[in-house]
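**Student:** Got a predicted model here, sequence first, then my questions.
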Amino acid sequence: MFNNIPPVTRNIIILNVIVFIVSFFIFPQLYNSLSGYYPLSPNFKSWQIVTHMFMHGGYMHILFNMLTLWSFGPILEQALGEKKYLILYFASGLGAFVLFNLWNFIEVQQISSALNALGIDPSEIYTKAAVGYSGSLNISAKTPEGVELSQNLYNLLRTPMVGASGAIFGVVAAFATLYPDAKIAMMFIPIPMKVKYLMPVVIVVSIFLGVTGNAGGIAHLAHVGGALVGWLLARNWRKHLYRFN
């Protein structure tokens, strides 16, 4: 059955599984090197813009992502062709990274301004947030507000974005654009619905959760960024669909 999956989708799944095994069981130090940190964090490396798409936080994370890709990827790969499908996948992943970190930038600026108003230099948090930092974690903040803001900034700089979800949301959004009347069911909505109705609901909920901070450790705005790129590309390509079918 696996051999029947089109080559690009199959190879992306294989690569994700290989990277997961290597980074979890063989060279765990790769997790920090390949995960996607906020671009102004001391832990950010340029290659993370791409490599974060192949990192996952656990078994269920990679299982859900790969099952979703297996469900939607082959249809898009056959409809668009390998080149456009590959562009769709990686452009969506990059869009996810950009939107997620634009929101991070806004949050970091707000926190830094608040710290400066309290007489606390944010640069000390940047220094202490570096992976491998072995110095004192004591901070100059003395008030509860200062301590909370310092911890929030530290968390933003130390917490990476991982997973293929952004790229896969782009694939699903492209599917919804090209096949709007197709019916699908999701875990939290078990009744099959037309994807043109289901996808907007998922996006609105993702925006709400991402903006309000009720993310639960999930990069919801990354999903939105990936979906936006997938929708834009598919919307542009669908008028030429039968040319490259």
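**Tutor:** Sure, I can see it.

**Student:** low pLDDT regions in the protein?
**Tutor:** 1-2, 185-190, 213-216, 241-245 (pLDDT under 70).

**Student:** For it, which segments count as strands?
**Tutor:** Ranges of strands within the chain are 183-186, 189-194, based on DSSP state E.

**Student:** residue contacts, residue 124?
**Tutor:** By C-beta atoms under 8 Å, 6 or more residues apart in numbering, the contact set of residue 124 is 139-140. Where you see a C-beta, it was placed from the backbone N, CA and C, and this is true even at glycine.

**Student:** do the one 3 residues further on as well
**Tutor:** Contact partners of residue 127, counting by C-beta under 8 Å, 6+ apart, are 42, 133, 135.

**Student:** How much space separates residue 50 from residue 150?
**Tutor:** 31 Å (C-beta to C-beta, to the nearest Å).

**Student:** Look at the closest residue to residue 6 other than its chain neighbours and say how many residues are nearby.
**Tutor:** Excluding the flanking residues, the one nearest residue 6 by C-beta to C-beta, 6 or more residues apart in numbering is residue 77, at 4.2 Å. Residues lying near residue 77 (other C-beta atoms under 10 Å) number 23.

**Student:** measure the closest residue to residue 23 other than its chain neighbours to residue 38 for me?
**Tutor:** Spatial nearest neighbour of residue 23, chain neighbours left out: residue 30 (4.4 Å); criterion: C-beta to C-beta, 6+ apart. Computed as C-beta to C-beta, the residue 30 to residue 38 distance reads 19 Å.

**Student:** before we move on, the earlier item: in helices, which of the contacts of residue 127 appear?
**Tutor:** Nothing among these maps onto helices, per DSSP state H.

**Student:** Buried ones among the residues you listed?
**Tutor:** residue 42 (16 or more other C-beta atoms under 10 Å).

**Student:** From the contacts of residue 127, pick the one nearest residue 221.
**Tutor:** Nearest to residue 221 among the contacts of residue 127, counting by C-beta to C-beta, is residue 42 at 22.5 Å.

**Student:** which phi and psi does that closest one have?
**Tutor:** The phi/psi pair for residue 42 (degrees, to the nearest 10) reads phi -60, psi -10.

**Student:** for it, what are its contacts?
**Tutor:** By C-beta under 8 Å, 6+ apart, the contact list for residue 42 reads 126-127, 129-131, 157.

**Student:** Select from those residues the one having the most neighbours.
**Tutor:** In terms of neighbours by other C-beta under 10 Å, these top out with residue 157 at 25 neighbours.

**Student:** gap between that one and residue 43?
**Tutor:** 7 Å.

**Student:** got any residues that touch both of those two?
**Tutor:** 37, 129.

**Student:** hang on, the earlier thing: want to throw the contacts of residue 127 into CSV with distance to residue 6?
**Tutor:** Formatted as CSV, the contacts of residue 127 follow (distance: C-beta to C-beta, whole Å):
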residue, distance to residue 6
42, 40
133, 45
135, 51
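
**Student:** Show me which of the contacts of residue 127 is closest to residue 233.
**Tutor:** residue 42 (33.8 Å).

**Student:** Would you mind confirming that residue 130 makes contact with residue 37?
**Tutor:** No. With contact defined as C-beta atoms under 8 Å, residue 130 does not count as touching residue 37 (10.3 Å).
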